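Q: For reference, the sequence and a predicted model appear below.
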Amino acid sequence: MGQEKNTNPEMESMFSAWNKASKDYWDATNKIWSEAVQDKTLLKHDDISKQLDAMWQAFAKSLNLPDSSTKGPNKGLDVYTKLLEPYWSAILPWEGTDQGEESKKEDVRTVTRQFSKLWYDLFDKEFRQVLNVPQLGLTRYYQEHAAKAVEKFNDFQAQVNKFVSLLCEPLVETTQVVRDEIKKTREGGEEFVKDYKAQYKFWINKLEASYLDLLKSPEYIAALSDTLKALRDYRVTKQQLLIDLMQDLPVPTHKDMDELYKEIYTLKKRVKELERRGK
Amino acid sequence: MAEKENISWDAMVEPLKTATDLIFGKAAGEPARLINRLMAARDVLLSPLETGIAPTPYDVVYESDRVKLKHYKPAEVKFKTPLFVCYAMVNRETMLDLQSDRSVVTTFLNEGLEVYMIDWSYPTRKDRYLTIDDHVNGYMDEMIDFVLEKHGIPQVHLMGICMGGTLSIMYTALHPEKVKNLITTVTPVDFDTDKGLLNVWAKSLDADALVDAYGNIPGDILNIAYLLLNPARLLIDKYVGFLENVHDKDFVQNFVRMEKWIFDSPDLPAEAFREFINKLYHENLLVQNKMTLGGKLVDLKKITMPVLNIYAKLDHLVPYTSSEKFLNYVGSKDKTDVCLHTGHIGIYVSSKMQQEFAPRILRWLKERDGSEPKKKPAPRKARAPKKTKSDNPA
């Protein structure tokens, strides 16, 4: 063992370098976040970009990548920055004016929707075109099936995000209503309701009513319908991709089995009809 | 700045924290009470629990593909005609025999009524091409013929549950000579209603898309739809109630039995699902007398035998508006509407309904079991539908 170690100094050196780089990276990251947590006012939008940039530099250094700060804006990092922007805006200090209670609820709604939309827009504008580049040559159909499956998977995920965020809205909104109610009552010098049971009952009734409104709204019905269509498209394309992958394996695909089942179904119907006529 | 920061942070996080506090706060109560409750809950959950469902013994007397016919025989048969029960293809017929003290089957047997019940079982991919016609004019007809032959009788009492009621109505309209009395319970008939969320959602549901995606429709997809009918109660409040009562062994046993039944959901054969959504939820063909099965028209006016229609005022799956007008469409003179103040499942399993639901069916059947069946339905003149009896009109 010791001999092997002695005969491989290059490996040891690489390991030490990696170890040191990783330690530097995590030290830097911890320092940045410790400072940020201790002083939340540091977490302004501009600061976040700087901090992420510093983390990226530490990370790049650990991988021996060129210094990205001298190579212009880093595209990958920009994407994430853009993606996370609405969430930072929501949870970190606003740069705008003071907000009322109503606008708080709207913020939550807007932020949740914006996040889904932003993710989808990025996919729609940046990646979809790439996936739809015409495929050429002998394997064109296989490549096309794979690209289509990726495209439809992302479409489906976007719809699921939209649908789930819609489903979460009553939960966030009604708990906010309860909190506001408690605050208002206390400001009036009274106790809202003393026990948790009554508070819970108040909240669950509000939540039920809020869901009822949502679940019959045209917006929800449209989202449900779009999600199911996206699910269909994704599953159909995924199925096609799996058929491609499985055709060299000694197992039947759904397509093979469905054809067989259809034949059995038709034959059984004919046999039963002949039996009936025979009687 | 600090104030603004709090406002924004609260807006995102505090509502969820409040919700969690409310849920666990309600379940927990005071610390001392919580500890006692946790100790009791531990004892209950670690002890042997009786959570089996469908305890009543039966024989499987007929099988065709995946479909089975269960036969429940009373100690003493007191009815001349046996009851043939057609359950829905969604969920399981075990609902009618959930536990011995809440069992529609047991109540029937105790009064001497012989019961045959279809078990649609669990469709597999090979069943995806089966249509409603295959189920009604195929399996159901085969099994009713089997019972008629076995007993040497010309007719059975037919009882349909939920979607099984819709199938029973179609069967009766197509084979009226084989049905002595028809009982429909929480049965959707008029699908053009906005009272139920399922009806509202189904109108924009692309059944073809779901069939393309899955083939047979997975039971879990149907379960998700049912849970979304009332997420506050079915996903939160129900389990908060469980946590509150987890120290009570009887409560836990009943709760687990119901959970077993609820999530024991067979897939739905693809073509039957497609037809059900397109022909009934979208086009509402049944009440317009435009529904066809196997090329034959399902004419509700051919239902001329006595009909008992029971539905639930608080039904969130089949709104009462979907069931209450059924008797307006049939040709029977002897027809009875019963609207019970309960829900879709409660009608079979709630403790209160044990004295209401099955005993009422038994009384109704007893009054109509004795007379000899007519070989052919009497010719009928076209006339306006008329209710002859109404227990609880909605």
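A: Received it, and whenever you're ready, just let me know what you need. All of these numbers come straight from a predicted model, not from anything done at the bench. Numbering: from 1, shown residues only, chains lettered A, B, ... in the order given.
Q: Tell me how far the residue nearest the centre of chain B lies from chain A.
A: Of all residues in chain B, the one closest to the mean position by CA atoms, centre = their mean is residue B:162, 4.0 Å from it. In this structure, residue B:162 and chain A are 21 Å apart, going by CB to the nearest CB, to the nearest Å. Glycine gets a C-beta too; all of them are placed from N, C-alpha and C.
Q: Quick check on that residue: phi, psi?
A: Torsion angles at residue B:162 (phi, psi; degrees, to the nearest 10) stand at phi 50, psi -120.
Q: cool, residue B:175 as well?
A: According to degrees, to the nearest 10, residue B:175 has phi -130, psi 60.
Q: for it, what are its contacts?
A: Taking CB atoms under 8 Å, 6 or more residues apart in numbering or on different chains as the criterion, residue B:175 is in contact with B:141, B:144.
Q: per-residue confidence for it?
A: As predicted, residue B:175 sits at a pLDDT of 98.
Q: I'd guessed the residue nearest to the centre of chain B sits against residue B:189; true?
A: No: applying CB atoms under 8 Å as the test, residue B:162 and residue B:189 come out as separate, 11.3 Å apart.
Q: I'd like the next helix or strand past the longest helix along chain A.
A: Ranked by residue count and defined by DSSP state H, the top helix of chain A is helix A:140-187. Per DSSP states H and E, the first helix or strand lying C-terminal to helix A:140-187 is helix A:196-215.
Q: so what secondary structure elements neighbour that following helix?
A: Applying 3 or more CB pairs under 8 Å, 6 or more residues apart in numbering or on different chains; DSSP states H and E, we find helix A:196-215 packed against helix A:140-187, helix B:2-28.
Q: what do you get if the cut-off is 10 Å, keeping everything else the same?
A: Packed against helix A:196-215 by the contact rule (3 or more CB pairs under 10 Å, 6 or more residues apart in numbering or on different chains; DSSP states H and E) you find helix A:140-187, helix A:218-246, helix B:2-28, helix B:197-203, helix B:231, helix B:238-244.
Q: Give the buried residues for it.
A: Of the residues in helix A:196-215, A:196, A:199-200, A:202-204, A:206-208, A:210-212, A:214-215 count as buried by neighbour count, 16 or more other CB atoms under 10 Å in any protein chain shown.
Q: I'd say residue B:196 and residue B:312 touch.
A: No: Residue B:196 is not in contact with residue B:312 according to CB atoms under 10 Å; the separation is 11.6 Å.
Q: which residues does residue 141 contact?
A: With no chain named, the answer covers chain A. Residue A:141 makes contacts with A:135, A:240, A:244, as judged by CB atoms under 10 Å, 6 or more residues apart in numbering or on different chains.
Q: not what I meant, chain B
A: Counting by CB under 10 Å, 6+ apart, residue B:141 has contacts B:135, B:171, B:174, B:175, B:178.
Q: what do you get for residue B:128?
A: By CB under 10 Å, 6+ apart, the contact set of residue B:128 is A:257-258, A:261-262, A:265, B:211, B:214-217, B:267-274.
Q: can you do 6 Å?
A: Contacts for residue B:128 (CB atoms under 6 Å, 6 or more residues apart in numbering or on different chains) come out as B:215, B:216, B:269, B:270.
Q: So residue B:84: helix, strand or coil?
A: With DSSP: H, G, I helix; E, B strand; the rest coil as the basis, residue B:84 sits in strand.
Q: Look up the residues forming beta bridges with the closest residue to it other than its chain neighbours.
A: Spatial nearest neighbour of residue B:84, excluding adjacent residues (CB to CB, 6 or more residues apart in numbering or on different chains): residue B:156 at 4.3 Å. Going by DSSP bridges, residue B:156 is paired in beta bridges with residue B:179.
Q: Residue B:156 against residue B:86, yeah?
A: No: using CB atoms under 6 Å, residue B:156 makes no contact with residue B:86, being 10.6 Å away.
Q: In terms of neighbours, single out the busier of the two.
A: Using other CB atoms under 10 Å in any protein chain shown as the criterion, residue B:156 and residue B:86 rank with residue B:86 on top: 30 against 23.
Q: give me the element the closest residue to the more buried one other than its chain neighbours is part of.
A: Closest residue in space to residue B:86, ignoring its immediate chain neighbours: residue B:164 at 4.0 Å, by CB to CB, 6+ apart. Assessed by DSSP H and E, residue B:164 sits inside helix B:163-174.
Q: now what about that helix, what contacts it?
A: In contact with helix B:163-174 (CB under 6 Å, 6+ apart) are residues B:86-88, B:136, B:140, B:158, B:160, B:179, B:182, B:184, B:187-188, B:296, B:298-300, B:302-303.
Q: Quick check: the closest residue to residue B:300 other than its chain neighbours vs chain A, distance?
A: With sequence-adjacent residues excluded and distances taken as CB to CB, 6+ apart, residue B:300 is closest to residue B:329, at 4.3 Å. Note on residue B:329: its distance to chain A, by CB to the nearest CB, is 27 Å.
Q: Which positions within stretch B:240-252 qualify as buried?
A: Going by neighbour count (16+ other CB under 10 Å), the buried part of stretch B:240-252 is B:240, B:244, B:245, B:246, B:247, B:249, B:252.
Q: wait, stretch A:230-242
A: With burial defined by 16+ other CB under 10 Å, the residues of stretch A:230-242 counted as buried are A:230, A:231, A:232, A:233, A:234, A:235, A:236, A:237, A:238, A:239, A:240, A:241.
Q: go on, stretch B:279-294?
A: Buried residues in stretch B:279-294, counted by 16+ other CB under 10 Å: B:279, B:280, B:281, B:282, B:284, B:285, B:286, B:287, B:291, B:293.
Q: now the fifth one, what's its secondary structure?
A: Secondary structure state of residue B:284, per three-state DSSP, is coil.
Q: Pretty sure residue B:191 is one of the things it touches, is it not?
A: Yes: between residue B:284 and residue B:191 a contact is recorded at 4.7 Å, counting by CB under 6 Å.
Q: shared neighbours, the two?
A: Common contacts of residue B:284 and residue B:191 (CB under 6 Å, 6+ apart): none found.
Q: If any of the contacts of helix B:163-174 are buried, put those into a PyMOL selection.
A: Buried members of those, defined by 16+ other CB under 10 Å, are picked up in PyMOL with:
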select buried, chain B and resi 86+87+88+136+140+158+160+179+182+184+187+188+298+300+302+303
